[in-house]
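# Quick check, what structure comes out for this input:
(chains A and B)
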Amino acid sequence: EAQVTQNPRYLITVTGKKLTVTCSQNMNHEYMSWYRQDPGLGLRQIYYSMNVEVTDKGDVPEGYKVSRKEKRNFPLILESPSPNQTSLYFCASSRLATYTGELFFGEGSRLTVL
Amino acid sequence: AQSVTQPDIHITVSEGASLELRCNYSYGATPYLFWYVQSPGQGLQLLLKYFSGDTLVQGIKGFEAEFKRSQSSFNLRKPSVHWSDAAEYFCAVAAGGNKLVFGAGTILRVKS
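Numbering: from 1, shown residues only, chains lettered A, B, ... in the order given. Alright, predicted model coming up:
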């Protein structure tokens, strides 16, 4: 089954404790992206990657890091989480590096930073 | 800068009634436009898209949307709503090669 898999789905952590949210897709997609969803703000792009070893900032990259060492994986790293990073996070992928908007989304990871 | 406005935060319709969700965009060039749906606890799913050509596009689950360049709008419609359509709906515009800009979303409630 074609899917984007995120882990963990739910996480409560404390300020400053490094964490990683993993994302894996099995569709051989070139494009991958991370979004955060906050009430009243819709989805905002954090980082995206057009291919292996190619990443770039989205609209809200501060406090986040990403890497793309393999085509299928695109982990999101919070080096020192803060309460304003409490949010619902979505990983998404698309077949083409030249993005057409046809994104496949994971089920989301709800993160709470105390 | 590109932007998407969904004027209605919440909409409640009766089951069987028609539905229209509004979306206005701001983008200088010809836009690529999308509607996504998010069911509770799920990720987003593509409902339909407009790239060019016929301005009335059909999507999954009986939804359609009409692109009106003069009004910078891309409203989503469904003739008869089912209880399973209760979800949050997002309009989005592809802004350049690598970015999708989302609206804030409209929560649809369906009453029986």
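# how near is the spatially most central residue of chain A to chain B?
In chain A, the residue lying closest to the centroid (CA atoms, centre = their mean) is A:Trp34, at 2.9 Å. A:Trp34 sits 12 Å away from chain B, going by CB to the nearest CB, to the nearest Å. From N, CA and C alone the C-beta is placed, and that goes for glycine too.
# And that residue, which helix or strand is it part of?
Here A:Trp34 is covered by strand A:31-38, with elements defined by DSSP states H and E.
# ok, the residue lying closest to A:Ser93 once chain neighbours are set aside - contacts?
The shortest distance from A:Ser93 to any residue other than its chain neighbours is 3.9 Å, reached at A:His29 (CB to CB, 6 or more residues apart in numbering or on different chains). Listed by CB atoms under 8 Å, 6 or more residues apart in numbering or on different chains, the contact partners of A:His29 are A:71, A:93-95, A:104.
# Select from those every entry located in strands.
The members of the contacts of A:His29 that map onto strands under DSSP state E are A:93-94, A:104.
# Pipe those into a markdown table and attach pLDDT and neighbour count per row.
A markdown table is the format used below for the ones in strands among the contacts of A:His29 (pLDDT from 0 to 100; neighbours: other CB atoms under 10 Å in any protein chain shown):
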| residue | pLDDT | neighbour count |
| --- | --- | --- |
| A:Ser93 | 93 | 27 |
| A:Ser94 | 90 | 23 |
| A:Phe104 | 91 | 20 |
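# out of those residues, who's nearest chain B?
In terms of CB to the nearest CB, no member of the ones in strands among the contacts of A:His29 lies closer to chain B than A:Phe104, at 8.2 Å.
# And the closest residue to chain A within chain B, how close does it get to A:Gly16?
Chain B approaches chain A most closely through B:Gly43 (3.2 Å), counting by CB to the nearest CB. Distance from B:Gly43 to A:Gly16, counting by CB to CB, to the nearest Å: 29 Å.
# where does chain B have low pLDDT?
Across chain B, residues meeting the criterion (pLDDT under 70) sit at B:96-98.
# Near chain A, which residues of it? Just list them.
For chain B, the contact set with chain A under CB under 8 Å from any CB of the partner chain comprises B:4, B:9, B:32, B:34, B:36, B:41-46, B:49, B:51, B:90, B:92, B:94, B:97-100, B:102-105.
# Recalculate using a threshold of 6 Å.
Proximity of chain B to chain A is assessed by CB under 6 Å from any CB of the partner chain, with B:32, B:34, B:42-44, B:46, B:94, B:97-98, B:100, B:102-105 identified as the residues in range.
# Now do the helices in chain B.
If DSSP state H is used as the criterion, chain B turns out to lack helices entirely.
# That one: strands as residue ranges?
Along chain B, the stretches classed as strands by DSSP E are B:3-5, B:10-14, B:19-21, B:24-26, B:32-38, B:44-50, B:56-58, B:64-68, B:73-78, B:87-94, B:100-102, B:106-111.
# and the closest residue to A:Asp38 other than its chain neighbours, how many residues sit next to it?
When the adjacent residues along the chain are set aside, A:Asp38 lies closest to A:Ser87, with 5.5 Å between them (CB to CB, 6+ apart). By the other CB atoms under 10 Å in any protein chain shown criterion, the neighbourhood of A:Ser87 contains 21 residues.
# wait, doesn't A:Ser87 sit right on A:Arg36?
Yes. In this structure, A:Ser87 is within contact of A:Arg36 by CB atoms under 6 Å, at 4.4 Å.
# wait, does stretch A:62-71 contact chain B?
No. Residues of stretch A:62-71 contacting chain B under CB under 6 Å from any CB: none, with a closest distance of 13.6 Å.
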